[in-house]
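**Student:** sharing a model that was predicted from the sequence below.
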Amino acid sequence: AIALLTANALEAQNPQWIHYRTNNSGLPSNFIQCLAIEVDSSNRNVVWIGDGIRLTKFDGTNWTVYDSSITGLNFFSALSIRFDSKKNIWMGTTDAGLIKFDRNSWTVFNTSNSKIPSHYVPYIDINPDDLILIGSPLWGNQAYCEFDGVDQWTIFDTNQIPANLRVQRILHEPGTNNRWIGCYRSLGAVLYNGNEFIIYSTTNSGISANSIFGLAIDEHHNKFFGPEFISGISKFDSTNTQWSVYGPSLYGAHDMAFDQEGNLWWIVEGVQALGGLFKATKDFDTVKVWNATNSPMITTEPRTIAIDSNGNKWIGTGGGLFVFNEDSIVNIDDNKTTLPEKINLFQNYPNPFNPVTTIKYDLNTSGVVKLNVYDLKGKLIKILVDNWQAIGSYDVEFDGSNLSSGVYFYELKLEGSIEQNFRETRRMILIK
């Protein structure tokens, strides 16, 4: 049996959300097309974000926007982002073809300089051999091709590729030579094993739909297929023989991912219980949903999901970037530190001081932060902080070398990202 639950604050220890938008972060656009997460050399999770015009990198503290002034490309809309074994970043785009970024320079593969069938490259994946798998629902009899990343292209003949193949998702199966394709309103799922294409449609298999928008593979090689419309999530077992369908009148899925505990997460556009962020435990014993009725995720346009190594779920939507963790959001770097539960302005230390002291504060929401120092008459002495800051704990040093002994005040102001405003003032004493 399947239990569909509406998650609330009582069902997890400290469920937490962050909502990044253009007015409270370095995001250049609230319309998020795609996400990809890597762990860098410092063991930090780094999120790469594609919107309608440019690429953005977020390392938990700093936002870096790669626009035309940096890339030298007039315009590209990233629809898919993947990393190869050499840490190159590959992007499928709306109108610029396939793009490679080696962290220094940009290389474009399009119809004028390669065998790629079109400038429109919506879906890519990369297997462990760095073979780039490329597909589109609009390429006709060239809907799928492969590229070694250098100069060798595999373009399939019309007698090799299935008729009416319209690629909506691509995912390689780890440890095998299998490439799985979700099809747009045509063939259901297609397996390419390196030798032949095998079709699994509603007419010859147990798959629930012929239009597949979500694809995920668990550690046991079970394949999960999310339909465009509500017809149930299909599971195909590790032996490619047994089909199961979960929630045939409940679930569609537009993007899917597994967490480290083996739970399946997916997103789907829609309202009420039909749309939002979903979580299913093994065999769909329990299913939870977060949407506009019970969470800050008020948008009905969730478009993509990625899960970092700390278990944080990153959801790209038409209304910004959401981060969610049932057990409270963990810092994006890998120190496993739980983020503050409330805003705190602490007493400076040491106090009294001469001439340097440290002011510490915690933020449980991102926003524009101002930390100022005033004298007894209310005159502004020093602006210590005046910028946007993410959730976290901060230490700021104040040097009173140029001031006379006496009583001073420091004030913390925050204009929160969820309309949460905060102001607190504390006293400190300078003794020389």
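**Tutor:** Structure's in. What do you need?
**Student:** per-residue pLDDT, the residue lying closest to Ser118 once chain neighbours are set aside?
**Tutor:** Excluding its sequence neighbours, the residue lying closest to Ser118 (Cβ to Cβ, 6 or more residues apart in numbering) is Trp139, at 5.8 Å. (Glycine included, C-beta is placed from N, CA and C.) Looking at Trp139, its pLDDT reads 80.
**Student:** repeat that for Ile343.
**Tutor:** In the predicted model, Ile343 carries a pLDDT score of 89.
**Student:** ok, the residue nearest to Ser118 - how many residues close by?
**Tutor:** Neighbour count of Trp139, defined by other Cβ atoms under 10 Å: 21.
**Student:** before we move on, what about Lys87?
**Tutor:** Lys87 has 11 neighbours, counted by other Cβ under 10 Å.
**Student:** go on, Ser405?
**Tutor:** Ser405 has 12 nearby residues by other Cβ under 10 Å.
**Student:** how about it, what does it touch?
**Tutor:** By Cβ atoms under 8 Å, 6 or more residues apart in numbering, the contact list for Ser405 reads Leu430, Ile431, Lys432.
**Student:** okay, these in CSV with secondary structure next?
**Tutor:** Shown next, in CSV, are the contacts of Ser405 (DSSP: H, G, I helix; E, B strand; the rest coil):
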residue, secondary structure
Leu430, strand
Ile431, coil
Lys432, coil
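**Student:** among these, who's most crowded?
**Tutor:** For the contacts of Ser405, the largest neighbour count, defined by other Cβ under 10 Å, is 19 neighbours, found at Leu430.
**Student:** let's see the pLDDT reported for that residue.
**Tutor:** 96.
**Student:** equivalent analysis for Leu98, please.
**Tutor:** Each residue has a pLDDT score; the one for Leu98 is 95.
**Student:** do you know how far it is from Val108?
**Tutor:** For Leu98, the distance to Val108 (Cβ to Cβ, to the nearest Å) stands at 7 Å.
**Student:** compare the two (neighbour count), which wins?
**Tutor:** Leu98 (22 against 19).
**Student:** for the more buried one, which non-adjacent residue is spatially closest?
**Tutor:** Distance criterion Cβ to Cβ, 6+ apart; nearest residue to Leu98, sequence neighbours excluded, is Phe109 at 4.3 Å.
**Student:** what's near enough to touch that neighbour?
**Tutor:** Taking Cβ under 8 Å, 6+ apart, one finds Gly97, Leu98, Ile99, Lys100, Ile116, Phe147 in contact with Phe109.
**Student:** can we see that at 7 Å?
**Tutor:** Gly97, Leu98, Ile116 (Cβ atoms under 7 Å, 6 or more residues apart in numbering).
**Student:** ok, the second one touching Arg82?
**Tutor:** No: using Cβ atoms under 7 Å as the test, Leu98 is too far from Arg82 to be in contact (10.6 Å).
**Student:** hey, what's in contact with both of the two?
**Tutor:** With Cβ under 7 Å, 6+ apart as the test, Leu98 and Arg82 both reach Trp90.
**Student:** now Lys360: how far from Ser366?
**Tutor:** Distance from Lys360 to Ser366, counting by Cβ to Cβ: 18 Å.
**Student:** of the two, who's got more company?
**Tutor:** Between Lys360 and Ser366, Ser366 has the larger neighbour count (other Cβ under 10 Å), namely 22 against 14.
**Student:** pretty sure that one contacts Ile18?
**Tutor:** Yes: Ser366 lies in contact with Ile18 (Cβ under 7 Å); the separation is 6.4 Å.
**Student:** list the residues that contact both of these two?
**Tutor:** Shared contacts of Ser366 and Ile18 (Cβ under 7 Å, 6+ apart): Ile391.
**Student:** just the contacts of Phe109 now: which is nearest Asp237?
**Tutor:** Nearest to Asp237 among these, counting by Cβ to Cβ, is Leu98 at 33.4 Å.
**Student:** count of neighbours near the residue nearest to Ile431 when sequence neighbours are not counted?
**Tutor:** Nearest non-adjacent residue to Ile431, counting by Cβ to Cβ, 6+ apart: Pro352, 4.5 Å away. Number of residues near Pro352 (other Cβ under 10 Å) recorded here: 13.
**Student:** list the contacts of Pro352.
**Tutor:** Neighbour list for Pro352: Ile429, Leu430, Ile431 [criterion: Cβ under 7 Å, 6+ apart].
**Student:** contacts only, for the second one.
**Tutor:** Taking Cβ under 7 Å, 6+ apart as the definition of contact, the neighbours of Leu430 are Pro352, Phe353, Asn354, Pro355, Gly400, Leu403, Ser405, Gly406, Tyr408.
**Student:** let's go with 8 Å and repeat that
**Tutor:** For Leu430, the contact set (Cβ under 8 Å, 6+ apart) comprises Pro352, Phe353, Asn354, Pro355, Gly400, Leu403, Ser404, Ser405, Gly406, Val407, Tyr408.
**Student:** could you look up the SS state of the last one?
**Tutor:** If I follow you right, that is Tyr408. Assignment for Tyr408 (three-state DSSP): strand.
**Student:** and it, bridged to which residues?
**Tutor:** For Tyr408, the beta-bridge partners under DSSP bridges are Met428.
**Student:** surely it and Gly400 touch.
**Tutor:** Yes: if you go by Cβ atoms under 8 Å, Tyr408 and Gly400 touch, sitting 7.4 Å apart.
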